[in-house]
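[1] What would the 3D arrangement of this be:
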Amino acid sequence: MAAMEDSETFFSAATPEAFEKGSLPTTVITADPSEKDSTAPPKPVRITSPTVAGTYPVVLFFHGFYLRNNFYSDVLNHVASHGYILVAPQLCKILPPGGQVEVDDAGKVIDWTSKNLKAHLPNSVNANGKYTALVGHSRGGKTAFAVALGHAATLDPSFKFSALIGIDPVAGVCKSMRTDPEILTYEPESFELDIPVAVIGTGLGPKRNTVMPPCAPAEVNHEEFYKECKATKGHFVAADYGHMDMLDDDLPGFVGFMAGCMCKNGKRKKSDMRRFVGGIVVAFLRYSLWGDKSEIRAIVKDPCVSPARLDPLPELEEASGYFV
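    Here you go, the predicted model:
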């Protein structure tokens, strides 16, 4: 089967609803550390939650290197509108901390969600303690993997996750300059993970932007992360987009300016990339948490339903007996 052609020409009428905004209204709640509030988080967090009464799974979302959690508001809102509570901590202030510090801070936030998230949710909205998923972009994708692999000393090792999704994850500048903890082994299927994992990549992430080095270099990017995962695992690569193209438009401040120009960017609509990323997250969570196989398998079977052109063809390798 040939790679998917121009999405604007071949975009299918049978688009999975995961790629569209969900039916639930959402709200954004921010919470900061406080010595006076025993329910306050250990790091600033941005919570995107449905407002309709109900019990929803929790999705931890970790931002990329030097970025801000509010740069992802469109993607977070897309996922939350399908019935998930998104908790996005701000893991750095001015300068990013060391890699292990970031992983340990992520563990602290996850521990906090299990104990005090309820105090910050809308009335009649509850977190489903049975399901917690990890999602991260760029260095945050690597952080999500490190947490799932048990590298957060601040988190009870018995804590169970239901799914893991890396959005163009990056483990360092190059193979010889990786961030701590160095989780990549360069051995196929070496990650000791017993949960479904999806890896989203970008075709332009490994490419230079004029004088700037690649933002998602070869040997430390989505390709290596996917190789080291065991089934059940999925791989989805947006061929015409860059490492930062899933962020919001018109990002504020100096950090926003740098995020817009430091990486190789695609020329297609960023809104389609955000729909693609949000849709893959939603479809894979439905698959992993509820056993709803229809949408993720439809995307693999017919990549033309995606808002972004997929090349190479998407993969879904299912473990024997998984959701049979």
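
[2] For the rest of this, base every contact and every neighbour count on C-alpha atoms.
    Will do.

[3] hey, where'd the strands end up in this protein?
    Counting by DSSP state E, the chain has strands at residues 26-31, 45-50, 54-62, 85-89, 125-137, 163-167, 172-174, 177-178, 197-202, 233-238, 315-317.

[4] Let me know which of the ones you listed is the nearest to residue 293.
    Ranking the strands of the chain by proximity to residue 293 (Cα to Cα) places strand 315-317 first, at 10.8 Å.

[5] Mind listing what's buried along that closest one?
    Using 16 or more other Cα atoms under 10 Å as the burial criterion, the residues of strand 315-317 that qualify are 315-316.

[6] which outside residues touch the lengthiest helix in the chain?
    Identified as the longest helix of the chain according to DSSP state H is helix 99-116. By Cα atoms under 8 Å, 6 or more residues apart in numbering, the residues outside helix 99-116 that reach it are 39-43, 60, 62, 89, 91-92, 129, 143-144, 146-147, 151-156, 179-181.

[7] Inside helices: which ones of these?
    143-144, 146-147.

[8] if we can go back for a sec, can you put the strands of the chain in JSON lines and add distance to residue 256 and mean pLDDT?
    Putting these into JSON lines (distance: least, Cα to Cα, whole Å; pLDDT from 0 to 100) gives the following:
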{"stretch": "strand 26-31", "distance to residue 256": "19", "mean pLDDT": "98"}
{"stretch": "strand 45-50", "distance to residue 256": "17", "mean pLDDT": "98"}
{"stretch": "strand 54-62", "distance to residue 256": "17", "mean pLDDT": "98"}
{"stretch": "strand 85-89", "distance to residue 256": "17", "mean pLDDT": "98"}
{"stretch": "strand 125-137", "distance to residue 256": "16", "mean pLDDT": "97"}
{"stretch": "strand 163-167", "distance to residue 256": "19", "mean pLDDT": "98"}
{"stretch": "strand 172-174", "distance to residue 256": "21", "mean pLDDT": "95"}
{"stretch": "strand 177-178", "distance to residue 256": "25", "mean pLDDT": "96"}
{"stretch": "strand 197-202", "distance to residue 256": "20", "mean pLDDT": "98"}
{"stretch": "strand 233-238", "distance to residue 256": "22", "mean pLDDT": "98"}
{"stretch": "strand 315-317", "distance to residue 256": "33", "mean pLDDT": "97"}
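
[9] Turn the ones you listed into TSV, columns for distance to residue 103.
    Output for the strands of the chain, formatted as TSV (distance: least, Cα to Cα, whole Å):
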stretch	distance to residue 103
strand 26-31	20
strand 45-50	15
strand 54-62	10
strand 85-89	12
strand 125-137	12
strand 163-167	15
strand 172-174	14
strand 177-178	14
strand 197-202	18
strand 233-238	23
strand 315-317	28
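
[10] out of the ones you listed, nearest to residue 214?
    Set against residue 214 and scored by Cα to Cα, the strands of the chain come closest in strand 172-174, at 8.6 Å.

[11] In its sheet, which strands sit next to that closest one, and in what direction?
    Applying DSSP bridges, strand 172-174 is found paired with strand 177-178 (antiparallel).

[12] Among the contacts of helix 99-116, the buried ones, what's the PyMOL command?
    Here is the PyMOL command that selects the buried residues among the contacts of helix 99-116 (16+ other Cα under 10 Å):
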select buried, resi 39+40+41+42+43+60+62+89+91+92+143+144+146+147+151+152+154+155+179+180+181
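
[13] rewinding a little: wait, which of the strands of the chain is closest to residue 252?
    strand 45-50 (16.5 Å).
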